[in-house]
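Student: Have a look at this fold, sequence not included:
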């Protein structure tokens, strides 16, 4: 792993830790206060918007991928009837009929799911509605996956057939297969392309899941020495108690002190990362203030060292 890649991964963990620590800070609870700390509650708090975005993106992707199935449903029903008459002497007739009937039964179920998505996509608001939206999206994806399997199976049984009614039916099947393949593929978002919002959010969610253990440990380590960070802040902020600081700035400084004093990171890196967090989460006025606090802390801890530059 290159130094740049490692730095970017550390930044992602640091950002996640900041959001987690901030959520705990504003709720007035700390991880060491309980033997089994309910981190799930705070992950939910900081990722609520992401969950909503993901549910909507998935629903939009399902609707986009199944948009042509409506016009194919009536055509498939018509072609199926003609095909059954033409295939009456087929030795594989029972298997063909069973598969074609299952395919037809799948369409109304898929239609119900997509109608739900159309009706609720823009009005979903709470956690239960998010779960419902995802449930119907997942149901539509499963149905499309099964329809892909059925069309592939029926087409393999019809291979070599040249009768007009059979060829017409096979042509509709190929269109149905094409129309459902994209939706079925949403189960594997990494294959959906970098421009797909659902794929990007899925990758982000997976990345967050992988970072979660490291982020939780990071938060625990920082809070284990919070009394030390507050004492240092009192010394640095004469006549200005830490509690009066913007909560997000205080959390950024907790992380910076931990990186500086426990992880022994280069002070220039610590300042640069802290200012990055301040710019993104606190505002343009916070970064110079935080820069000054960290630089002063470093000078007091190591007075013989040259002043760090961000």
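Tutor: That came through fine. Quantities reported herein were computed from a predicted structural model and do not represent experimental measurements.
Student: Now for residue 155, how many residues are close by?
Tutor: Look at residue 155: counted by other CB atoms under 10 Å, it has 15 neighbours. From N, CA and C alone the C-beta is placed, and that goes for glycine too.
Student: do the same with residue 134
Tutor: By other CB under 10 Å, neighbour count at residue 134 equals 17.
Student: Equivalent analysis for the one 4 residues further on, please.
Tutor: The criterion is other CB under 10 Å. On that basis, residue 138 has 15 neighbouring residues.
Student: What of residue 279?
Tutor: Residues contacting residue 279 under the criterion other CB under 10 Å number 13.
Student: any idea which element it lies in?
Tutor: Assigned by DSSP states H and E, residue 279 belongs to helix 267-281.
Student: Need the mean per-residue confidence for that helix.
Tutor: Per-residue pLDDT values over helix 267-281 give a mean of 90.
Student: Summarise which helices and strands the host helix or strand of residue 213 is packed against.
Tutor: Element membership for residue 213, per DSSP H and E: helix 197-224. For helix 197-224, the elements it packs on are helix 3-27, helix 39-65, helix 247-261, judged by 3 or more CB pairs under 8 Å, 6 or more residues apart in numbering; DSSP states H and E.
Student: and among the ones you listed, the most buried is which?
Tutor: Each of the helices and strands packed on helix 197-224 was scored by mean neighbour count; the highest is helix 247-261, a mean of 23, by mean count of other CB atoms under 10 Å.
Student: Next, the angle helix 197-224 makes with it.
Tutor: Angle, helix 247-261 to helix 197-224, by axes from the mean of the first three to the mean of the last three CA atoms, to 10 degrees: 70 degrees.
Student: Please shift the residue numbers so they start at 756 in all later answers.
Tutor: OK, 756 is where the count begins now, so the last one is helix 1002-1016.
Student: quick one: contacts of helix 1002-1016?
Tutor: Here helix 1002-1016 makes contact (CB atoms under 8 Å, 6 or more residues apart in numbering) with 769, 772-773, 776-777, 780-781, 976-977, 980-981, 983-984, 987-988, 997, 1000, 1020, 1022, 1024-1026, 1028-1029, 1032-1033, 1036-1037, 1041, 1044-1045, 1048-1049, 1052-1053, 1056.
Student: ok, now stretch 861-880?
Tutor: Outside stretch 861-880, the residues that touch it by CB under 8 Å, 6+ apart are 807, 810-811, 814-815, 817-818, 821, 824-825, 828, 831, 884-885, 887-888, 891-892, 894-895, 898-899, 901-902, 905.
Student: And for stretch 1035-1045?
Tutor: Here stretch 1035-1045 makes contact (CB under 8 Å, 6+ apart) with 770, 773, 777, 1001, 1003-1004, 1007-1008, 1011, 1026, 1029-1030, 1033-1034.
Student: In a markdown table, list the residues you listed along with distance to residue 836.
Tutor: Output for the contacts of stretch 1035-1045, formatted as a markdown table (distance: CB to CB, whole Å):
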| residue | distance to residue 836 |
| --- | --- |
| 770 | 59 |
| 773 | 62 |
| 777 | 62 |
| 1001 | 70 |
| 1003 | 65 |
| 1004 | 71 |
| 1007 | 68 |
| 1008 | 73 |
| 1011 | 72 |
| 1026 | 74 |
| 1029 | 70 |
| 1030 | 70 |
| 1033 | 68 |
| 1034 | 65 |
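Student: nearest to residue 911, of the residues you listed?
Tutor: For the contacts of stretch 1035-1045, the minimum distance to residue 911 (CB to CB) is 49.9 Å, reached by residue 770.
Student: So the closest one sits against residue 1032, correct?
Tutor: Yes. Under the criterion of CB atoms under 8 Å, residue 770 makes contact with residue 1032 at 6.8 Å.
Student: Now render the helices and strands packed on helix 952-979 as TSV, adding distance to residue 972 and mean pLDDT.
Tutor: Formatted as TSV, those follow (distance: least, CB to CB, whole Å; pLDDT from 0 to 100):
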stretch	distance to residue 972	mean pLDDT
helix 758-782	9	75
helix 794-820	11	75
helix 1002-1016	12	90
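Student: Now do the strands in the stretch 806-955 of the chain.
Tutor: With strands called from DSSP state E, counting those that start in this stretch, the stretch 806-955 of the chain shows none.
Student: In the lengthiest helix in the chain, which residues are buried?
Tutor: The helix that spans the most residues within the chain, counting by DSSP state H, is helix 882-912. For helix 882-912, a neighbour-count test (16 or more other CB atoms under 10 Å) marks 885, 888-889, 891-892, 894-906, 908-909 as buried.
Student: Which elements pack onto that helix?
Tutor: Secondary structure elements in contact with helix 882-912, counted by 3+ CB pairs under 8 Å, 6+ apart, are helix 794-820, helix 848-875, helix 919-939.
Student: Show me the shaky parts of this structure.
Tutor: Under the criterion pLDDT under 70, the flagged ranges of the chain are 756-763, 787-793, 795-804, 840-848, 944-953, 956-961, 993-999, 1056-1065.
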